[in-house]
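Enquirer: Any chance you could fold what I've pasted below:
(chains A and B)
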Amino acid sequence: MKISKILAWVALAIGVIYFIVPLIGTFEFSMRMRRGAYSFDAYDSVFSDMQFRSTFGFSMLMALFTIIFGMLLIVPTAYWVRLRLPQMRPVVEFITLMPLVIPAIVIVFGYLRLYNSSSYIPFTGSIQGTNILLVLSYITLSLPYMYRSVDTAMRTIDVRTLTEAAEILGAKWPTILFRCIFPNVMSGVLSGAFITFAIVMGEFTMAALLNRPAFGPYLQLIGANRAYEPAALAIIAFAITWLSMGLLQLVSRFSKMTPSRP
Amino acid sequence: MSFLVLDHLKKSFGQTQVVKDFNMSIEKGEFISFLGPSGCGKTTVLRMIAGFESPSDGTITINGKNQNGLKTNQRNIGMVFQAYALFPNMTVFDNVAFGLKVAGMQKSEIETRVKEMLKLIHLEHLADRYPYQMSGGQQQRVALARALAPKPQVLLLDEPLSALDAKIRVSLREEIRQIQRQLGITTVFVTHDQEEALSISDRIVVMNAGRADQIGTPSDIYNRPATRFVASFVGTLNMIEATVADPAANTVHIGENLVTLRESIGALKAGDKLSIALRPEAGSLSESAKGDTSLTGTVASSHFLGSVVRTRIDVGGTLISFDMFNSPDKALPQPGETVTLRFAASDLLLVKE
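Expert: Purely as a prediction, here's the structure:
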């Protein structure tokens, strides 16, 4: 075997050990709640906790709204940029990358200054308003992933010609967007949706500073006060992320939206 | 009044004028081809008819109605694109039915019309297939059916055969022409392939730098090119530089040969230079060949091309290509051999710059 091949395997092994060992350690620790024997007691404790159910449910709902409204914002934007404003593409890409550069805490403090209860748009003045602000902030956080996945999906279809083909057959904008474009970028939409779901489920800063009962702050709370449950929750959080990634793979593999191209 | 009228059409993108004063009248049921090299403005004219681009000046009239203010989706025009542009998420049936659904037709009517269209393109058995499950030729036929389904007043074909392989291209262009005749639909076909244009059009518009250099029947365009550009773009052509000998007698010198032209050159002076075109297939090297005009020169090269033998003859420094059918009994002209090319004076075409 060549030395370069051996080095590649060594690098891979180090990487796997680096990721897997702490995970195995966490999982093993989460099973040791019952003294002297392995058990799923920590998981039982987590699942039977009402606060787990409510925070998990709340974050799921927020994730759902984030995905729906995020996609309603991003798909038409990406479509319009590709079709009519290709020169704006670098600007839009830059804007969508901002949440990766600006820390979440800075964004949320900005929101609190702009949308506090004594401002012109007092989002934080009510629970519903704060929830809306939380969804909007999650949309901001997921912009880099959502925009890229949708834009990549659009790159695989000839957006301009499909639009023109629909237009000349008499279709108007809503029909073109929802019947001709949206279904053909569905793989990108779903990929973006799963990544968004994983992000929202684990997000702490926004939810904590907006004082909403989300899953992220709950994880932190349990982590600070219990011993075995945080390990179980970490494994659950990983499972959610993996599940999202698995679904993402499934969607891209079984997608039949192969473009018709010469 | 003609069915489709393009009146003083102009189009500029920024400082660049891509269509310059384009005029054309197309009769109902006519098959017109826009022929020209890339960037000559042919697709821009087509896109203006479709409504994808708005003219900078001029009007487009279809069936007496000015189209300038109408959006694409209000024009009732069918179009087939080079890239097929079938909706990947829809089956063949749904693709063909799309325009009918948008028009709000009844479900039963849609079904009947789609079946009718699929029968027309001989693809009834592929109604449930998705575009990615079909070949390029099949996809383009579906695109044609989709464009025809809503009974458009004009059919636009934007280089629909360019992406297909040679064999399919020939069969599909014949199919398109046959369907067009059957339906009697006014059709505008954009192509840069002269063979395609010559073989299926009622009339051809040869475009050059945003203008129509010549509009005429395929025979007119090929046999009587109006400009040097048309002559060189359509078919292979010898461009021969000649010197006027006697304008009154219409005689010119080509090398040392004195040739009498059919067309009048009375406006020129003796010694003036002019361009004359000669098709490679005109004339014969046989001594018994008919023809009132001849050019004598030496064979520069001779190439066997299968069904044709192409010989290049040096006539006073001008190389003239000459094609003759291959005959197993005849020997190829040998380089250096002195030959006489005989042809009719009418084969020599005076071309404008």
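Enquirer: low-scoring stretches of the stretch 201-350 of chain B, by residue?
Expert: The stretch 201-350 of chain B contains residues with pLDDT under 70 at B:289.
Enquirer: who in the stretch 101-250 of chain B is up against chain A?
Expert: B:102-103, B:130-132, B:136, B:139, B:143, B:146-147, B:150, B:162-164 (C-beta under 8 Å from any C-beta of the partner chain). Where you see a C-beta, it was placed from the backbone N, CA and C, and this is true even at glycine.
Enquirer: Let's see the pLDDT reported for the residue in the stretch 1-150 of chain A that chain B sits nearest to.
Expert: In the stretch 1-150 of chain A, the residue that lies nearest chain B is A:Leu83 (11.6 Å; C-beta to the nearest C-beta). With respect to pLDDT, A:Leu83 scores 89.
Enquirer: same deal with A:Thr258?
Expert: Per-residue confidence at A:Thr258 stands at 50 (pLDDT).
Enquirer: just A:Phe254 next, same as before
Expert: 62.
Enquirer: on that earlier part again, the residue of the stretch 1-150 of chain A closest to chain B and A:Thr161 touch, don't they?
Expert: No - counting by C-beta atoms under 8 Å, A:Leu83 stays clear of A:Thr161, with 10.5 Å between them.
Enquirer: How about the residue minimising distance to the centre of chain A, nearest residue that isn't a chain neighbour?
Expert: With distances taken as C-alpha atoms, centre = their mean, A:Thr196 lies nearest the centre of chain A, 1.4 Å away. Distances taken as C-beta to C-beta, 6 or more residues apart in numbering or on different chains place A:Ser142 nearest to A:Thr196, at 4.1 Å, with adjacent residues excluded.
Enquirer: just checking, that neighbour touches A:Phe69?
Expert: No - look at A:Ser142 against A:Phe69 with C-beta under 8 Å: they stay out of range, at 10.6 Å.
Enquirer: Domain map for chain B?
Expert: Domains of chain B are assigned by automatic domain parsing as B:4-225, B:238-350.
Enquirer: Single out the most deeply packed of those.
Expert: Among these, domain B:4-225 has the highest mean neighbour count (mean count of other C-beta atoms under 10 Å in any protein chain shown), at a mean of 19.
Enquirer: can you give me the end-to-end distance of that domain?
Expert: 25 Å (C-alpha to C-alpha, to the nearest Å).
Enquirer: before we move on, back to that, hang on, the residue nearest to the centre of chain A in a strand?
Expert: No - if the criterion is DSSP: H, G, I helix; E, B strand; the rest coil, then A:Thr196 is helix and not within a strand.
Enquirer: Let me know the secondary structure of whichever residue of chain B sits closest to chain A.
Expert: Relative to chain A, the nearest point of chain B is B:Ala163 (3.0 Å; C-beta to the nearest C-beta). Following three-state DSSP, B:Ala163 is assigned to coil.
Enquirer: quick one: it and B:Ala85 touch, right?
Expert: No - here B:Ala163 does not reach B:Ala85: they are 11.2 Å apart, not a contact under C-beta under 8 Å.
Enquirer: Kindly list the longest helix within the chain.
Expert: By default, I'm working from chain A. When chain A is scanned for its longest helix (criterion: DSSP state H), the result is helix A:50-83.
Enquirer: Not quite, go with chain B.
Expert: helix B:166-183.
Enquirer: hmm, who's touching it?
Expert: The contact list for helix B:166-183, computed with C-beta atoms under 8 Å, 6 or more residues apart in numbering or on different chains, reads B:31, B:120-121, B:135-137, B:140-141, B:144, B:148, B:155, B:157, B:160-161, B:164, B:187, B:189, B:196, B:199-200.
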